[in-house]
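J.: Starting from these lines, generate the structure:
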Amino acid sequence: MFKKIALALLVVFIAMQLYRPDKNTAEGDVVAAFEAETMPSAAVKTILEQNCYDCHSNNTVYPWYAEVAPISYMIANHVDEGKEHFNVSDWSKWDFKKKDHKLDELIEEVEEGHMPESSYTWLHGNMSEAEVESLISWAKEARAKLK
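T.: As a prediction, this is how the structure comes out:
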């Protein structure tokens, strides 16, 4: 009985490797409008690139382990969910009110320690306190400039 279950699980695992979720990749600079309007410093831009854009833009840089199911499915789900809540690639499509709201959410999520998610920081490390402060300060300044 155990051998049959193990064999069935192996077949499912192999089948999962053959069917992969779609990759979140787009041509061109998918964050240009967002960065042009919010004007992050070089340091904040690096923070955004290292901690935000993979799940919150139309272009994800995938690590090697994203090629292995079931991890590939988990990452695809995280990216889809992240883009659903805040996709910086859609920045130019939004009106002032929505942009202001999204920056406010960014501030709140980072201040409360909800972003980046623990499943991301577990592999990539946490932002330092200085990085968190820089990101929040920049987002507050960007909100003020929108008004």
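J.: tell me the contacts of the residue positioned nearest the centre of the chain?
T.: When CA atoms, centre = their mean is applied to the chain, the residue found nearest the centroid is residue 55 (1.7 Å). Residues in contact with residue 55, defined by CB atoms under 8 Å, 6 or more residues apart in numbering, are 78, 79, 81, 82, 83, 116, 120. (Glycine included, C-beta is placed from N, CA and C.)
J.: Skipping its backbone neighbours, what lies nearest the fourth one in space?
T.: I take that to be residue 82. residue 55 (3.2 Å; CB to CB, 6 or more residues apart in numbering).
J.: next SSE after the helix or strand hosting the one you found?
T.: Counting by DSSP states H and E, the element that carries residue 55 is helix 53-56. Sequence order places helix 71-85 as the next helix or strand after helix 53-56, per DSSP H and E.
J.: ok now stretch 55-67, how far from the chain's centre?
T.: A distance of 8 Å separates the centroid of the chain from that of stretch 55-67, by CA atoms, centre = their mean, to the nearest Å.
J.: Next, the buried residues of stretch 48-65.
T.: Judged by neighbour count (16 or more other CB atoms under 10 Å), stretch 48-65 contains these buried residues: 48, 51, 52, 53, 54, 55, 56, 57, 58, 59, 60.
J.: What are the contacting residues of the lowest-mean-pLDDT helix or strand in the chain?
T.: In the chain, no helix or strand scores lower on mean pLDDT, DSSP states H and E than helix 118-124, which sits at a mean of 79. Contact with helix 118-124 is made by 50, 51, 55, 63, 74, 78, 116, 127, as judged by CB under 8 Å, 6+ apart.
J.: Which one of those residues is nearest to residue 28?
T.: Checking these against residue 28 by CB to CB gives residue 55 as the nearest, at 18.9 Å.
J.: per-residue pLDDT, that closest one?
T.: Listed pLDDT for residue 55 reads 94.
J.: Okay then, goodbye and thanks.
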